[in-house]
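> Next comes the sequence, and after it the predicted model I'd like to discuss.
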Amino acid sequence: MNHRLVYLCDWLPPDFGAVGQYAVLSAQDLAKDGCAVTLVGLTSERGARSKQETIGQGTLSTVRAYRPKYPKEKFATRVLWTIISNLLLIKAAFTAMCRADSIVFTGSPPLLLHFIAPLNLLLRKRLIYRITDFYPECLIAERGRAGIALRMLLRLTLFWRRRIESFEVLGLDQAQRLRDSGIPEERICLKRYSSPVRVNQDVLLLPLPQELAAAAGVILYSGNWGVAHDETTFLEAYTRYRLQSKNGLAVWLNATGAKADRVEDILRARGLPFYRSHLVPLAELPRLLRTADVHLITLRDAFVGYVLPSKTHACIESGKRLLFVGSERSDVHLLASESLPKEMYWRISVGEVGQLVSALHAIEASVLAERFPERRLEAIGVGV
């Protein structure tokens, strides 16, 4: 009999959510290996149907629970939405969990651990925690402090984590966070994501938006720009850089998240060149990644080891330049420094605006030298 496995996550495609996108890929791989997988996630589409398919030696059943989107800026609404969402996921998956041999669950929706772990006292299944994001640690990092309620929640979270049989982490920085919290090394398994799309080097590029046509090159920020991602360092450096470079690099903001609109508003208020799009379809992502000259990833220091930007792998696979504003302790830096040539990767610490301005000039010179090899000497002097 095939190993029966239930996999729980948040938003399933076509809804945007990196955790759901990767959950689909993981579930498909498990089915190919011979498992009978039931994937349970959220959808914003009413009346969405479940489906079952044979993949390799196994099967994949996809179950979708309807949930509306919600305003993330309202904390009370976020808490209520999270509680209801977790309960609906448990309800949708309950029958399959009773029959399962193993249950895999992710860090999204937040605090799903607090629903799965107590229930498993009755189910007694093998629990595998695919710890994508840490909660409530992310909430504490967002607020910059932990009040009495959050300290109590963290203690309860650590209590339930110690009763999980196995953890799958996305990076070595996450593994360190778990060890620091008392999880034994033997329960931790490094299982990185790969790129959710294949980025062929000869893929047809997307048409360049008119707003970016006159720029020396394109800096792309694609995906979620949320509370874990620093925006101040880049915005201040980009402002100074554009005052010094008349036809320099311009920003393509293909983003959603808590800070995406704020970044757009600041760029517009300062009269800086940029173009905003609201996430291309996943099938178009390889073309977008190859269209850019440089990819921007940012991460606040407080979130190192609690969050690993999932787009890192796709950005590296694109073969384009990568600019990381964040700590060298993050696995973003580890992966990029190991995978990319030195001339294709820049890391600047959060708050180092002057260094980032210099890096932007260096990147502009690199882009121009690539586009116009005959002007290499001229390009080297750009921004000097």
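Noted; the coordinates are in hand. Numbers count the residues shown, from 1 in each chain.
> Report how many residues lie close to residue 196.
The tally of other residues near residue 196 (other CB atoms under 10 Å) stands at 17. (C-beta placed from N, C-alpha, C; glycine too.)
> give me the number of residues near the spatially closest residue to it that is not a sequence neighbour?
Take residue 196 and drop its neighbours on the chain: the residue closest to it by CB to CB, 6 or more residues apart in numbering is residue 21, 4.9 Å away. Residue 21 is flanked by 21 other residues according to other CB under 10 Å.
> Could you pull up phi and psi at residue 21?
phi -60, psi -50 (degrees, to the nearest 10).
> Give me the distance between it and residue 183.
26 Å (CB to CB, to the nearest Å).
> how about the helices in the stretch 251-384 of the chain?
260-269, 285-291, 312-317, 331-339, 353-371, 376-380 (DSSP state H, counting those that start in this stretch).
> any chance of those helices in JSON lines, with mean pLDDT, mean neighbour count and distance to residue 216 too?
Listed next are the helices of the stretch 251-384 of the chain as JSON lines, based on pLDDT from 0 to 100; neighbours: other CB atoms under 10 Å; distance: least, CB to CB, whole Å:
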{"stretch": "helix 260-269", "mean pLDDT": "96", "mean neighbour count": "16", "distance to residue 216": "17"}
{"stretch": "helix 285-291", "mean pLDDT": "94", "mean neighbour count": "21", "distance to residue 216": "15"}
{"stretch": "helix 312-317", "mean pLDDT": "94", "mean neighbour count": "23", "distance to residue 216": "20"}
{"stretch": "helix 331-339", "mean pLDDT": "97", "mean neighbour count": "19", "distance to residue 216": "23"}
{"stretch": "helix 353-371", "mean pLDDT": "95", "mean neighbour count": "19", "distance to residue 216": "5"}
{"stretch": "helix 376-380", "mean pLDDT": "47", "mean neighbour count": "13", "distance to residue 216": "9"}
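> Any chance of TSV for those, columns distance to residue 141?
Listed next are these as TSV, based on distance: least, CB to CB, whole Å:
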stretch	distance to residue 141
helix 260-269	18
helix 285-291	28
helix 312-317	19
helix 331-339	16
helix 353-371	22
helix 376-380	40
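> So which of the ones you listed is nearest residue 248?
Judged by CB to CB, the one of the helices of the stretch 251-384 of the chain that comes nearest to residue 248 is helix 353-371, at 5.2 Å.
> just how off-centre is that closest one within its chain?
25 Å (CA atoms, centre = their mean, to the nearest Å).
> By residue count, tell me the biggest helix in the chain.
helix 75-99 (DSSP state H).
> Quick check: mean pLDDT of that one?
The pLDDT scores in helix 75-99 average 93.
> List the neighbouring strands of the next helix or strand along the chain from it plus their orientation.
Once helix 75-99 ends, the next helix or strand along the chain (criterion: DSSP states H and E) is strand 102-106. Strand 102-106 has the following strand partners under DSSP bridges: strand 4-11 (parallel), strand 126-130 (parallel).
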